[in-house]
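Colleague: got a structure for you, letters missing:
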């Protein structure tokens, strides 16, 4: 049994409690925090302008851990309170986990201990976006207000992963004892303060878990001391305005839900609204409030947190990123100081590339990196213009990073060019790079750290850019863990090819790039991963990916349809997918190749990319990261 108190080396947990005019419940909740098998490392209490003596009680509170009281001059609702509390935790208490709860939440002795046990059972790149506690009423029955549904469409791998850890896979959760991964909040943003009341927790957790795993623990249990055993539908009255308005914002103004989910949750919401109206002794009041909320939700979106919270001092200063978001070590060479292996960079060029962009790409993977490669291999895929050829000669003569140029007499295509370049790579670890992209300075350092954990291929998220590197159009998120990668592999490639670093021995063992022209990377990843290679992705943007008018044109047409059908037949033949998966892929992916370019661009960006976060919502996201 874990001894009472904090545990050295354990994740740093900061509890955030939001209160408004419930002093007795608040005192009970805070007392329970001090009686657990494991104690939080810090506590932030947000008093939402209470008038019942809570301020005096909190001013004299004595607890055996760090304590900060945030006193607001006006009630900002649960949404504003949790936005302020989480921001304060991030800015001043350096959490790994943020444990949020209302003032009527009473933790049990093992609540925190069990949640931390679940979090620690996941690998560093497989941490869930959040862990929700099981919520019971005062008599031990599961509370209907906080009953979380299993995630619709969760993969068998995710379900098995959760089951082995006595947890469930869920899509969203409430703020009644929620353990949120702090780095996920830094990347995807705080709760939206303008929600004020209702659905702020739904939007926030759904946004965090849209492409990440959300878990509900069976063993981390809290009591929710509501007045009634009810799902908050007895008599909503004028508050129904918030319910309707905030649902409209969640469905139409937030990236939290995918289109299919909006349809499913929309149907569920209509049923819930019907219950709310029928259950109320004042149905006309509820309907009027709902109509007001509908008009407001459709006429405007939620205001930025800075604007909403300005009357109470604004959002606490953003916290610096966790150490893993910064360079891992102060090294500028290829690894003696940092313990990293020597590695090569493989970069193909062809006549259609711009010499200026090739120069920028080379600099970004050599002199600009915190850990520089030991070798740069440039494959010239056929004849190029004089400006690019001069640049290649210059790279060969530059002694800062040894460069080998493989000059192919005629263009052979990307697959054969990369295989030819691999033969010239002197090191087993190889990083891919395209000639018009930009690698961010810590790219190799962060990927080498994961390769050192035993992975064979490591990619990252990328941000789409045009001419201006400082203005990304969108980012392409990626599945982080090997489990998530395998779950995605049967429908779409889990890696952004220009971002990958891999072991050349594993690539050669899988047969190299040849086999499916125009789909060579996807086919290679499938063979590697099904052959036993381990994959991972750094979820942050490490590469800026150039996109021009022709990028989405090249993804469509007869040639790409033929390549798609060839790939799916190979996948079916190797039993990587079954007949149903084959039919789905041919229908969906084949149609994608045939639709007009504009439709293809909009469809891809809607389904697979995210817009960069607004400054007031993005926390400390690096350039190119996106909120939600």
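Modeller: Arrived safely, thanks for sending. Just so it is clear, the structure is predicted and the values come from calculations on it, not from any experiment.
Colleague: hey, let's count contacts and neighbours off CA atoms from now on
Modeller: OK.
Colleague: so what's residue 496 up against?
Modeller: Applying CA atoms under 8 Å, 6 or more residues apart in numbering, we find residue 496 in contact with 459, 460, 461, 462, 478.
Colleague: Grab the nearest non-local neighbour of the third one.
Modeller: In this case it means residue 461. Spatial nearest neighbour of residue 461, excluding adjacent residues (CA to CA, 6 or more residues apart in numbering): residue 541 at 4.4 Å.
Colleague: Show me what the host helix or strand of that neighbour is packed against.
Modeller: For residue 541, the enclosing helix or strand under DSSP states H and E is strand 535-546. Identification of packing neighbours for strand 535-546 by 3 or more CA pairs under 8 Å, 6 or more residues apart in numbering; DSSP states H and E yields strand 438-439, helix 443-451, strand 457-465, helix 482-488.
Colleague: Same list, these, but as TSV with distance to residue 416 and mean neighbour count please.
Modeller: Shown next, in TSV, are those (distance: least, CA to CA, whole Å; neighbours: other CA atoms under 10 Å):
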stretch	distance to residue 416	mean neighbour count
strand 438-439	23	26
helix 443-451	25	23
strand 457-465	20	27
helix 482-488	26	19
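Colleague: Of those, give the one that comes closest to residue 181.
Modeller: helix 482-488 (17.3 Å; CA to CA).
Colleague: Other residues contacting the closest one?
Modeller: Residues outside helix 482-488 that contact it (CA under 8 Å, 6+ apart): 155, 157, 158, 479, 494, 529, 534, 535, 536.
Colleague: mind redoing it with 6 Å?
Modeller: Outside of helix 482-488, the residues within contact range by CA atoms under 6 Å, 6 or more residues apart in numbering are 479, 494, 535, 536.
Colleague: Likewise for stretch 13-29?
Modeller: Contacts of stretch 13-29 (CA under 6 Å, 6+ apart): 40-48, 50, 52, 54, 81, 85, 95, 97-106.
Colleague: If we use 8 Å, what do you get?
Modeller: 40-54, 57, 75, 78, 81-82, 85-86, 89, 93, 95-107, 225.
Colleague: quick one: buried residues of that stretch?
Modeller: Buried residues in stretch 13-29, defined by neighbour count with 16 or more other CA atoms under 10 Å: 13-21, 23, 25-27, 29.
Colleague: For these, work out which two are farthest apart.
Modeller: The span of those, defined through CA to CA, is set by 13 and 21 at 25.9 Å.
Colleague: Break the chain into its domains for me.
Modeller: The chain is divided into the following domains under automatic domain parsing: 13-233, 332-547.
Colleague: For residue 586, list the residues it contacts.
Modeller: Here residue 586 is in contact with 564, 565, 568 (criterion: CA under 8 Å, 6+ apart).
Colleague: Recalculate using a threshold of 10 Å.
Modeller: Residue 586 is in contact with 561, 564, 565, 567, 568, 569, 580, 592, counting by CA atoms under 10 Å, 6 or more residues apart in numbering.
Colleague: my read: residue 59 touches residue 69, true?
Modeller: Yes. Residue 59 is within contact range of residue 69, at 7.5 Å (criterion: CA atoms under 10 Å).
Colleague: Burial check on the residue nearest to residue 167 when sequence neighbours are not counted, number of neighbours?
Modeller: Once flanking residues are discounted, residue 167 sits nearest to residue 217: 4.4 Å by CA to CA, 6+ apart. For residue 217, the neighbour count with other CA atoms under 10 Å is 24.
Colleague: now residue 535
Modeller: Neighbours around residue 535, by other CA under 10 Å: 27.
Colleague: What angle do helix 443-451 and the strand holding residue 541 make with each other?
Modeller: Between strand 535-546 and helix 443-451, the angle comes out at 170 degrees (axes from the mean of the first three to the mean of the last three CA atoms, to 10 degrees).
Colleague: And the next helix or strand after strand 535-546, what does it pack against?
Modeller: Moving toward the C-terminus from strand 535-546, the next helix or strand (DSSP H and E) is helix 558-573. If contacts are counted by 3 or more CA pairs under 10 Å, 6 or more residues apart in numbering; DSSP states H and E, helix 558-573 sits against helix 520-530, helix 579-594.
Colleague: can you give me how far the shortest one is from the chain middle?
Modeller: With CA atoms, centre = their mean, to the nearest Å as the basis, helix 520-530 stands 24 Å off its chain's centre.
Colleague: same thing with stretch 210-220?
Modeller: Relative to its chain's centre, stretch 210-220 lies at 14 Å (CA atoms, centre = their mean).
Colleague: same thing with stretch 138-152?
Modeller: On CA atoms, centre = their mean, the centre of stretch 138-152 falls 26 Å from that of its chain.
Colleague: buried ones in it?
Modeller: Going by neighbour count (16+ other CA under 10 Å), the buried part of stretch 138-152 is 138, 142, 143, 145, 146, 148, 150, 151.
Colleague: how about those in TSV, adding pLDDT?
Modeller: Formatted as TSV, the buried residues of stretch 138-152 follow (pLDDT from 0 to 100):
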residue	pLDDT
138	91
142	91
143	90
145	83
146	82
148	84
150	88
151	89
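Colleague: If we only consider the residues you listed, which is nearest to residue 556?
Modeller: Residue 556 lies nearest to residue 151 out of the buried residues of stretch 138-152, by CA to CA, at 33.0 Å.
Colleague: and that closest one, what does it touch?
Modeller: Per CA under 10 Å, 6+ apart, neighbours of residue 151: 158, 159, 168, 169, 170, 171, 172, 213, 214, 215.
Colleague: can we see that at 8 Å?
Modeller: Contact partners of residue 151, counting by CA under 8 Å, 6+ apart, are 169, 170, 171.
Colleague: That one and residue 162, how far apart?
Modeller: As for residue 151, its distance to residue 162 is 12 Å (criterion: CA to CA, to the nearest Å).
Colleague: Overlap in contacts, those two.
Modeller: Common contacts of residue 151 and residue 162, defined by CA under 8 Å, 6+ apart, comprise residue 169.
Colleague: And the helices in the stretch 351-500 of the chain?
Modeller: 355-365, 386-397, 414-424, 443-451, 482-488 (DSSP state H, counting those that start in this stretch).
Colleague: Same list as before, those helices that is, but in TSV and with distance to residue 275 included.
Modeller: As requested, the helices of the stretch 351-500 of the chain are arranged in TSV below (distance: least, CA to CA, whole Å):
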stretch	distance to residue 275
helix 355-365	58
helix 386-397	68
helix 414-424	59
helix 443-451	50
helix 482-488	37
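Colleague: For residue 469, which of those helices is the nearest?
Modeller: For the helices of the stretch 351-500 of the chain, the distance to residue 469 is smallest for helix 355-365, at 11.0 Å, taking CA to CA.
Colleague: Name the residues of the closest one that are buried.
Modeller: 355, 357, 358, 359, 360, 361, 362, 364, 365.
Colleague: ok, the third one touching residue 395?
Modeller: No. Residue 358 is not in contact with residue 395 according to CA atoms under 8 Å; the separation is 10.9 Å.
Colleague: Between residue 59 and residue 69, which is the more surrounded one?
Modeller: residue 69 (17 against 11).
Colleague: Tell me which of the buried residues of stretch 13-29 fall in strands.
Modeller: Among those, the members found in strands (DSSP state E) are 13, 14, 15, 16, 17, 18, 19.
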